[in-house]
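Colleague: A predicted structure for the sequence below; I have some questions about it.
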Amino acid sequence: MLSGKPTILFLQAPPGPFAPELADTLSARGCSVHRINLCLGDVLQWGWRPAVSYRGSFADWPTYLADYIRRHGITDVLYYGDRLPYHRAAVDVTGALGIRGTVYEFGYLRPDWITLEREGMSALSHFPRDPEMIRAAAARLAAPLLEERYTHSFAMEAFREVFHHLATFFGTPLYPRYNADSYYNPLVNYLSYIPRLMASGRRSRRAATRTRNWLRIKRKYVLMPLQMQNDYQLRANAPFNHQREAIEIVLASMKRAAPPDLDIVFKIHPLDNGRESWSRTVARSAAALGMAHRVSTIDGGHLPTLLDEARRVVVINSTVGIHAIQRLRPTKVLGLAMFDIPGLTHQGTLDTFWNTPELPDSEFRDAFIRLLANTIQVRGSFYNREGRARAIAEIAGRLLNDAVNEPGGFVAVPPRLADARRLGIELMSDAPSEPELVAHP
């Protein structure tokens, strides 16, 4: 437990009331709470609560942040996602200054869990990777209840995302130097959803029909869930400039090494904006290899059913991989994922995966899920009112008791750094580091 109440700095947060309500809870429990707004979306989210605005350049951000931390005696920095540009710099700054950085995000055990980790996720995660360490740490922990409790509508999540990003876009004159690092123009991005929303019923019916047909003929297939091209997990924790490269690599490997009666189904992400036309991309790649008869793309479909019937699952680093492991489906990870651990996923090459896949060990799977749920997962939701209240109470307690990643979910040196370097993944921020950071621990 901490000797005194922490002084907590909030950086950017998920759109909606989650972070402001967490700040209110921490303040009511005696913490000093600070906030730096970086764009108009941040300002509108934070409302009447005290905050400062940073309007300087991205290059000057690390120096500004380090100076703010020193001047205000900040003990903890809380940020949503560790790969957003300003947060990548914050990871570097908090590490250099020796204060606690804590990242939160949508949970690994989705849909109604939240991830809460010290310092970073994925490549920067401190969660153990050694199977024996995981088994030992999980031995006395209770198994989590994984039934979904806190649901929310897609419309609610989408509205808050759209409102935040369009406010930021139109608020550019107020924050002209803000680095949004958007993969797509926000206006074009959200307008792209209109035709997809209008056709969602037709897509769902078509996907359900195709799934029933595959089950009827007992089709042997590999499932590869696609990610959104603008997803930071894809952009920052995978060795691909574009997801198309991963599709081509998988198809080429199947052509070269997979049994001829093994097909593959690419599942489009349910929140995809339709800008990339994945069906066309997959079809062209398959045709070029003479594999069109073995390759399908599905836009929609019931993921649990597709996983239950799949012979194997390939992911870049999607959390669908954890759902596949829970179902004991052989799983191959192409990028960097915290669940890519011996005993859970295939550790050999992609070519060997098609004929001799390594199966998840059921006992180790259970130990992994127990340790995961009890140390870096919080039950709750960003968007469901009841789930939000539960998660906020739990996160506040962990921060006040210095219990993030506890018990047993923290290794001093992030154990996935070597894998990140092997894959060519950039670990440091793009912003220049402050030359005096190390001199002022």
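Modeller: Yep, it's here. Numbering: from 1, shown residues only.

Colleague: only C-alpha atoms for contact and neighbour calcs from this point on.
Modeller: Will do.

Colleague: Would you map the helices across the stretch 151-300 of the chain?
Modeller: 154-170, 186-191, 193-198, 200-216, 232-236, 243-257, 278-288 (DSSP state H, counting those that start in this stretch).

Colleague: closest one to Met121 among those?
Modeller: Closest to Met121 of the helices of the stretch 151-300 of the chain is helix 232-236 (CA to CA; 9.6 Å).

Colleague: what sits up against that closest one?
Modeller: If you take CA atoms under 8 Å, 6 or more residues apart in numbering as the criterion, helix 232-236 is touched by 83-84, 227-229, 240-241, 243, 316-318, 425-426.

Colleague: Now flag whichever of the residues you listed is closest to Gly343.
Modeller: Asn317 (16.9 Å).

Colleague: wait, isn't the closest one in contact with Leu334?
Modeller: Yes: counting by CA atoms under 8 Å, Asn317 touches Leu334, with 6.9 Å between them.

Colleague: still on that earlier bit, buried only: go through the contacts of helix 232-236 for me.
Modeller: Arg83, Leu84, Gln227, Met228, Gln229, Phe240, Gln243, Ile316, Asn317, Ser318, Ile425 (16 or more other CA atoms under 10 Å).

Colleague: what are the phi and psi values for the first one?
Modeller: Same thing as Arg83. As for Arg83, its main-chain torsions (degrees, to the nearest 10) stand at phi -110, psi 0.

Colleague: Equivalent analysis for Gly30, please.
Modeller: Dihedral pair for Gly30: phi 100, psi 0, per degrees, to the nearest 10.

Colleague: Neighbours of the closest residue to it other than its chain neighbours, how many?
Modeller: Distances taken as CA to CA, 6 or more residues apart in numbering put Lys5 closest to Gly30, at 6.4 Å, once the chain neighbours are dropped. Using other CA atoms under 10 Å, Lys5 has 17 neighbouring residues.

Colleague: so who does Lys5 touch?
Modeller: Each residue near Lys5 by CA under 8 Å, 6+ apart is listed here: Gly30, Cys31, Ser32, Leu400.

Colleague: Next, give phi and psi for the nearest residue to the third one once chain neighbours are set aside.
Modeller: Once its chain neighbours are removed from consideration, Ser32 has its nearest residue in Thr7; the separation is 4.7 Å (CA to CA, 6+ apart). Backbone geometry at Thr7, expressed as degrees, to the nearest 10, gives phi -110, psi 110.

Colleague: now do the one 10 residues further on
Modeller: The main-chain torsion angles of Pro17 are listed as degrees, to the nearest 10 and equal phi -90, psi 0.

Colleague: My read is that it contacts Gly47, right?
Modeller: No: Pro17 sits out of contact with Gly47 when judged by CA under 8 Å, with a separation of 9.8 Å.
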